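**Student:** Show me the folded form of this:
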Amino acid sequence: MIFGLMGVGKTTVAKALGEARVWPVIHSDMVRKALAGLAPTTPARFKFGHGIYTEDFSRKTYAEMWRRAEELLDGGATRVILDASFKSTGERARVRELAQEKEARAAFVFCYCRKEVVRKRLLKRGENSSAISDGRLELLDLQTEDFEPLTEADQPLLRVDTGQDLKKVLQEVNKFLDGLSVR
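**Tutor:** Numbers count the residues shown, from 1 in each chain. Model prediction:
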């Protein structure tokens, strides 16, 4: 599970890790847009917690992510990467439950970086017409306030500074994963 606030580079890390390890990646932004009947690059710029970003729609999005993960694991995949904010302890607990149900092991990679880096990324994203994520600068503080703190249950956990070079980030993530018996 690769998670954190908007603009920290979760999807970049998830995509690169998935390509490097040949693991399937389930991106919440893609799933959310598909459930809404939108093309991935169609902007859905709602106020925080509205439109396709209500709690109810988010629950549906995560439920669909878990359904897809179950399908992949039942179909023979040995590992699946989930890419989303996972801002609530309940969402993170469900990942642990899914892993336990599938006799797998959950591993948590929390992405973070300096706020100035996030701001630059979000401004750049706002200018990119092919961006899939709707995360934007005016929502950052609201999501930060809404993000439930990590707990002892969020283990094993790697906190990785995604403000550094992607190659270095991947080295840290791979070292963490190689140190686990992640199925």
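
**Student:** From now on I want contacts and neighbour counts done on CA atoms only, so please keep to that.
**Tutor:** Will do.

**Student:** quick one: low-confidence ranges for this structure?
**Tutor:** Scanning the chain for pLDDT under 70 picks out 181-183.

**Student:** Which residue, neighbours along the chain excluded, lies closest to residue 147?
**Tutor:** Closest residue to residue 147 apart from its sequence neighbours, by Cα to Cα, 6 or more residues apart in numbering: residue 87 at 4.6 Å.

**Student:** starting at the chain centroid, how far to the helix or strand hosting residue 119?
**Tutor:** Of the helices and strands defined by DSSP states H and E, residue 119 is found in helix 115-126. Put simply, helix 115-126 sits 17 Å off its chain's centre (Cα atoms, centre = their mean, to the nearest Å).

**Student:** Need the residues that contact it.
**Tutor:** 6, 7, 8, 131, 135, 136, 137, 163 (Cα atoms under 8 Å, 6 or more residues apart in numbering).

**Student:** Just the CA coordinates for it, please, in CSV.
**Tutor:** Taking C-alpha atoms only, helix 115-126 is exported to CSV below (Å, rounded to 0.1, in the frame of the first residue of the first chain):
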residue,chain,number,x,y,z
LYS,A,115,5.2,21.3,1.6
GLU,A,116,7.0,23.6,-0.9
VAL,A,117,7.6,20.6,-3.1
VAL,A,118,4.0,19.5,-2.8
ARG,A,119,2.8,23.0,-3.7
LYS,A,120,5.0,23.1,-6.8
ARG,A,121,3.8,19.7,-7.9
LEU,A,122,0.1,20.7,-7.4
LEU,A,123,0.6,23.9,-9.3
LYS,A,124,2.2,22.0,-12.2
ARG,A,125,-0.6,19.4,-12.1
GLY,A,126,-3.1,22.2,-12.4
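
**Student:** Start at 672, not 1
**Tutor:** Okay, using 672 as the starting number, the last item reads as helix 786-797.

**Student:** Surely residue 803 is in contact with residue 703?
**Tutor:** No - between residue 803 and residue 703 no contact is recorded; they are 10.2 Å apart, counting by Cα atoms under 8 Å.

**Student:** Neighbour count: those two, which is higher?
**Tutor:** Using other Cα atoms under 10 Å as the criterion, residue 803 and residue 703 rank with residue 703 on top: 22 against 17.

**Student:** which non-adjacent residue is nearest the more buried one?
**Tutor:** Nearest non-adjacent residue to residue 703, counting by Cα to Cα, 6+ apart: residue 732, 5.3 Å away.

**Student:** can you give me phi and psi for the one you found?
**Tutor:** Dihedral pair for residue 732: phi -60, psi -50, per degrees, to the nearest 10.

**Student:** same deal with the one 10 residues further on?
**Tutor:** Dihedral angles phi and psi of residue 742 (degrees, to the nearest 10) take the values phi -60, psi -40.

**Student:** Look up how far residue 751 lies from it.
**Tutor:** Note on residue 742: its distance to residue 751, by Cα to Cα, to the nearest Å, is 10 Å.
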